[in-house]
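Asks: Fold the following and give me the result.
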Amino acid sequence: MANEFAKMRHLKAGLVAVIMIVGVLALSLFAVVSSPDFDQDSPAAWNALLAGMSLGIPLISPLLLAVLASRQVDIEHQANGWLLQSTSGISPGRMCLAKFVALGVIVTAVTLGTSLIALTLGKVLAGILAPAPLGHWAGFTLSMLVVNLAVLALHILLSATVENQLVALSVGVLGCIIAVFSLGLPSAAAHVTPWGYYGLARAAGYQGDQIQALPIAYPSIVALAVIVGVLFTVFTIRFDRQED
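Replies: Now for the predicted structure:
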């Protein structure tokens with residue numbers, strides 16, 4: 001773990017995290033100022049901010065998560081780190097797990113931090129006077145966190161399996177497109193890919209010509225966490241057996 005955090009400093013993971021935070025906040029605030037129905041006194045004012053975050057996260061996160069995972073794994077490919085760590089008793093599967101935990105700390109801090117900053121800006125900058133829907137907000141934040149971590153885990157596996165990191169980055173770009181399109185897809189179609197779950201986790205969006213709060217598909221988010229957890233475990237065990 002200490003080695004993974006040390007590698008992050010040289011790989012500028014902090015810069016990628018800052019870009020993720022700033023990008024999501026900018027899109028969220030733009031959704032507020034551009035909404036013709038925005039009313040500081042109305043409880044529905046928070047829906048515009050939630051809708052902005054529901055768009056900003058899937059528009060930005062898939063690619064930047066791919067960048068984080070790719071850079072953290074590619075250093076092992078370039079420096080033959082897999083073999084070096086194996087001689088020290090650390091298997092490739094354990095290394096992938098360490099990379100997921102280390103990057104997961106960053107992604108968790110970014111996701112929770114972005115949500116808290118957006119909540120604060122809604123009060124201070126946008127001047128929303130109505131009480132914030134804290135329960136719905138917390139559920140949205142945790143759901144997006146689960147989806148982000150699931151996508152991160154899959155990208156770590158992809159980057160570890162395929163040495164050419166252009167493949168992983170191309171998948172990240174494709175993920176952004178799918179994630180954004182999933183916001184308008186039927187629920188059944190959104191379940192097909194991991195990026196589609198961004199659409200299932202959104203908290204607000206347009207219904208007709210107005211922005212309204214939307215129900216979050218919590219059972220689907222939990223199912224995604226379980227499925228990706230199983231896949232990550234299976235593939236990391238296979239990495240170890242290949243080395244044996």
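
Asks: How about the contacts made by the most centrally placed residue in the chain?
Replies: For the chain, residue 148 is the residue whose C-alpha lies nearest the centre (Cα atoms, centre = their mean; 2.5 Å). When contacts are counted by Cβ atoms under 8 Å, 6 or more residues apart in numbering, residue 148 touches 57, 61, 65, 107, 111. In this view, the C-beta of every residue, glycine as well, is placed from N, C-alpha and C.

Asks: what is the rounded mean pLDDT of whatever helix or strand residue 138 lives in?
Replies: Secondary structure here is read from DSSP states H and E; on that basis residue 138 sits in helix 134-161. Mean pLDDT, taken over the full extent of helix 134-161, equals 95.

Asks: ok, back up a step: let me have the contacts of residue 148 in TSV, adding secondary structure as columns.
Replies: Supplementary listing: these in TSV, determined by DSSP: H, G, I helix; E, B strand; the rest coil:
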residue	secondary structure
57	helix
61	helix
65	helix
107	helix
111	helix
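
Asks: tell me, how many neighbours does residue 202 end up with?
Replies: 25 (other Cβ atoms under 10 Å).

Asks: wait, it sits on residue 214?
Replies: Yes. Residue 202 is within contact range of residue 214, at 6.1 Å (criterion: Cβ atoms under 8 Å).

Asks: hang on, isn't residue 194 packed against residue 225?
Replies: No. Applying Cβ under 8 Å as the test, residue 194 and residue 225 come out as separate, 10.8 Å apart.

Asks: got the angle for the helix or strand harbouring residue 25 vs helix 134-161?
Replies: Secondary structure assignment for residue 25, by DSSP H and E: helix 13-33. Angular relation of helix 13-33 and helix 134-161 on a 0 to 180 degree scale: 140 degrees, by axes from the mean of the first three to the mean of the last three Cα atoms, to 10 degrees.

Asks: Do a quick rundown of the helices in the chain.
Replies: 2-11, 13-33, 45-78, 81-87, 92-124, 134-161, 165-182, 187-190, 197-201, 218-243 (DSSP state H).

Asks: circling back: what are the buried residues along the helix holding residue 25?
Replies: By neighbour count, and taking 16 or more other Cβ atoms under 10 Å as the criterion, the buried residues in helix 13-33 are 13, 16-17, 20-21, 23-25, 27-29, 31-32.

Asks: List just the nearest of those to residue 75.
Replies: Looking at these and their distance to residue 75, the nearest is residue 13, at 11.4 Å (Cβ to Cβ).

Asks: And that closest one, how far from residue 70?
Replies: Computed with Cβ to Cβ, to the nearest Å, the distance linking residue 13 and residue 70 is 11 Å.

Asks: cool, residue 106 as well?
Replies: Residue 106 sits 14 Å away from residue 70, taking Cβ to Cβ as the criterion.

Asks: hang on, the earlier thing: neighbour-wise, which of residue 194 and residue 225 wins?
Replies: Between residue 194 and residue 225, residue 194 has the larger neighbour count (other Cβ under 10 Å), namely 21 against 17.
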